[in-house]
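# Okay, here's the prediction I keep looking at, along with the sequence it came from:
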Amino acid sequence: MKEMWNKRYAQTDFVYGNMPNEFFKQQLLKLTPGTILLPAEGEGRNAVFAAKKGWEVFAFDSSIEAMKKTEKWAKENNVQINYQLSTYEEADYPNNFFDAVAFIYAHSLTRSANHKKMLQFLKPNGTIILEGFCKKQIHNSSGGPKNIDRLFSEEELLSDFTVCADIKIWEEEIELNESIGHSGKASVIRLIGRK
Ligand SMILES: C[S@@+](CC[C@H](N)C(=O)[O-])C[C@H]1O[C@@H](n2cnc3c(N)ncnc32)[C@H](O)[C@@H]1O
């Protein structure tokens, strides 16, 4: 899996573009800047945007090529990102540390364990932002995993974040325009909530 991502990122500039994910951007701009964690952050498009808006950004990804690209993009934008080469399993931060955590297209077969682990690092009342593909995306060719078990359902996300207050989860049909990685008609799922 790691090799697949390294190969994909090494091939071209910004597989998912260098602009932030639109939902992430809209939600982040409603919040007061603080500390934010971006798991599986890839090439740094969301991390650099958040840092430019005054957030102290922590991010990790298991791909070395993703980390290298983020470091270059951060330098070009004169911002600093605390980026670690790490899997979900290895990720380690203080408990109750972050004001926000954002999962942007962070799909995995260990979804539930990953989400629950990241929640430990979020402060009480901290914000959760998530966008990913829902199960209907299996019928589209605009990106995302081809294994339906990696795609999200409302029930799955609800059970991952059951300890949280004010959770809103909904599906949408949208047009994705995120470079070559995410392009075209897409079935997404969005979540916004507080721990
Ligand atoms: C679809 S990309 C999304 C990247 C980024 N969040 C974005 O929206 O631009 C998924 C990312 O998950 C990372 N990844 C996959 N499995 C992982 C794991 N177990 N731990 C950490 N990162 C992982 C990949 O390296 C890849 O960068």
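It's in. Residues are numbered from 1 along each chain as shown.
# Can you tell me how far Q137 is from Y83?
According to Cβ to Cβ, to the nearest Å, Q137 stands 28 Å off from Y83. In short, each C-beta sits where N, CA and C put it, glycine included.
# More neighbours: which of those two?
Set Q137 next to Y83 and count neighbours by other Cβ atoms under 10 Å: Q137 wins out with 25 against 21.
# Spit out the contact partners of that one.
Neighbouring residues of Q137 by Cβ atoms under 8 Å, 6 or more residues apart in numbering: G144, L151, A186, S187, V188.
# For the first one, which non-adjacent residue is spatially closest?
Going back to what we said before, that points to G144. Residue nearest to G144 in three dimensions, not counting chain neighbours: F133, with 4.0 Å by Cβ to Cβ, 6 or more residues apart in numbering.
# Per-residue pLDDT of that neighbour, please?
Note on F133: pLDDT of 98.
# Adjust the sequence numbering to begin at 12 for everything that follows.
Let's use 12 as the start, then, which means that last one is F144.
# Look up the residues forming beta bridges with it.
V199 (DSSP bridges).
# Report the secondary structure state of the residue in the chain that the ligand sits nearest to.
With Cβ to the nearest ligand atom, the shortest gap between the chain and the ligand falls at G53, namely 2.7 Å. Following DSSP: H, G, I helix; E, B strand; the rest coil, the label given to G53 is coil.
# burial count for the closest residue to it other than its chain neighbours?
Take G53 and drop its neighbours on the chain: the residue closest to it by Cβ to Cβ, 6+ apart is A77, 4.8 Å away. Residues near A77, counting by other Cβ under 10 Å, number 25.
# check which helix or strand covers A77.
A77 belongs to helix 75-87 when elements are defined using DSSP states H and E.
# orientation of the helix or strand immediately after that helix in the chain relative to helix 75-87 in degrees?
Next helix or strand after helix 75-87 toward the C-terminus (DSSP H and E): strand 92-96. In terms of direction (axes from the mean of the first three to the mean of the last three Cα atoms, to 10 degrees), strand 92-96 departs from helix 75-87 by 170 degrees.
# I'd like to know which elements strand 92-96 is packed against.
Packing partners of strand 92-96 (3 or more Cβ pairs under 8 Å, 6 or more residues apart in numbering; DSSP states H and E): helix 56-63, strand 67-72, helix 75-87.
# chain center to the last one, what's the gap?
Meaning helix 75-87. 16 Å (Cα atoms, centre = their mean, to the nearest Å).
# now what about that helix, what contacts it?
Counting by Cβ under 8 Å, 6+ apart, 16-17, 20-21, 24-25, 29, 52-56, 58-59, 62, 70, 72, 91-92, 94, 96 sit against helix 75-87.
# so how far is D160 from the closest residue to L162 other than its chain neighbours?
Nearest residue to L162 in three dimensions, chain neighbours excluded: K146, at 4.7 Å (Cβ to Cβ, 6+ apart). Relative to D160, K146 is positioned 9 Å away (Cβ to Cβ).
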